[in-house]
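Student: Sequence plus predicted model, see below.
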Amino acid sequence: AYLVRGSEGVAVIDTVKEEFSDAFFSRLESVARYDEIKVIVLNHLEPDHSGALPELMRRAPQAQVLISKKAPVMLKALLKGKDFIFKTVTTGDHISLGDRTLSFLHTPFLHWPDTQCTYLEEEQILFSGDIFGCHFCDNRMFNDRVGDFRFSFDYYYAHIMRPFKTHMLKALELIDPLDLKLIAPTHGPVLRDNPRNYVERYRQLSSATLHS
């Protein structure tokens, strides 16, 4: 999960599994007040991304939930019919936090119908959800500090993204024009050293599987 602070409010991007809620809220409270939270962005509604959402909404009732246009039915099921404020977003939409702007990319079926990416324009950071992720954990967090994780990166693609390779190539068309200083996925290392290399690796893997 990530937090973006602007001059006119805070955005929380994704949450955590419900079992990790205590750690999530402890860390959140160390950097922001709940009444500062303007929006909660859900790039993906699978439980490992959304488990803490109901409690976060209870603590920050003023926050607007931003989800993809394919996500409302899934969100209603997650919240078990409770009233909530939400807005659907798609490619070309954006929201201002004052001196920082979040824009959205519609990237469905990577790997659920509801998936999307969020781009922090001023800092050139892509919050990519499951895209460019891997099941690799290291407290040093960043790709230039954790050592060689190429096997985990390729393995994750093969087992999570490969069935959706045509959707992946469409998503890359949206990502290609972006200036990228950093890619922040929801699994695995944060990609700050040569993030474009990982975009190109996904293109290679997607194109290779199309022709295999």
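Tutor: Received the coordinates, thanks.
Student: quick one: low-confidence parts of this structure?
Tutor: For the chain, the stretches with pLDDT under 70 are 81-83, 209-212.
Student: tell me the contacts of the residue nearest in space to the middle of it?
Tutor: In the chain, the residue lying closest to the centroid (CA atoms, centre = their mean) is G129, at 3.0 Å. G129 sits next to D14, N43, H44, H49, T107, L110, T115, Q116, C117, P185, T186 when contact means CB atoms under 8 Å, 6 or more residues apart in numbering. In short, each C-beta sits where N, CA and C put it, glycine included.
Student: burial count for the nearest residue to it once chain neighbours are set aside?
Tutor: For G129, ignoring the flanking residues on the chain, the nearest one in space by CB to CB, 6 or more residues apart in numbering is N43 at 3.8 Å. By the criterion of other CB atoms under 10 Å, N43 has 29 neighbours.
Student: And N43, how close does it get to N139?
Tutor: Note on N43: its distance to N139, by CB to CB, to the nearest Å, is 24 Å.
Student: go on, D48?
Tutor: According to CB to CB, D48 stands 19 Å off from N139.
Student: quick one, phi psi at Q64?
Tutor: Q64 adopts backbone torsions of phi -90, psi 130, taken as degrees, to the nearest 10.
Student: same thing with L191?
Tutor: Main-chain dihedrals, L191, degrees, to the nearest 10: phi -100, psi 90.
Student: quick revisit: and what about the residue nearest to G129, helix, strand or coil?
Tutor: At N43 the chain is in coil, as set by DSSP: H, G, I helix; E, B strand; the rest coil.
Student: I'd like the distance between it and V146.
Tutor: Between N43 and V146 the computed distance is 22 Å (CB to CB).
Student: All the strands of the chain, residue numbers only.
Tutor: Applying DSSP state E to the chain gives strands spanning 2-6, 9-13, 37-41, 64-68, 86-89, 94-96, 101-106, 116-120, 125-129, 182-185.
Student: will you turn those into CSV that also has distance to L53?
Tutor: Formatted as CSV, the strands of the chain follow (distance: least, CB to CB, whole Å):
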stretch, distance to L53
strand 2-6, 14
strand 9-13, 9
strand 37-41, 7
strand 64-68, 8
strand 86-89, 11
strand 94-96, 18
strand 101-106, 18
strand 116-120, 15
strand 125-129, 15
strand 182-185, 19
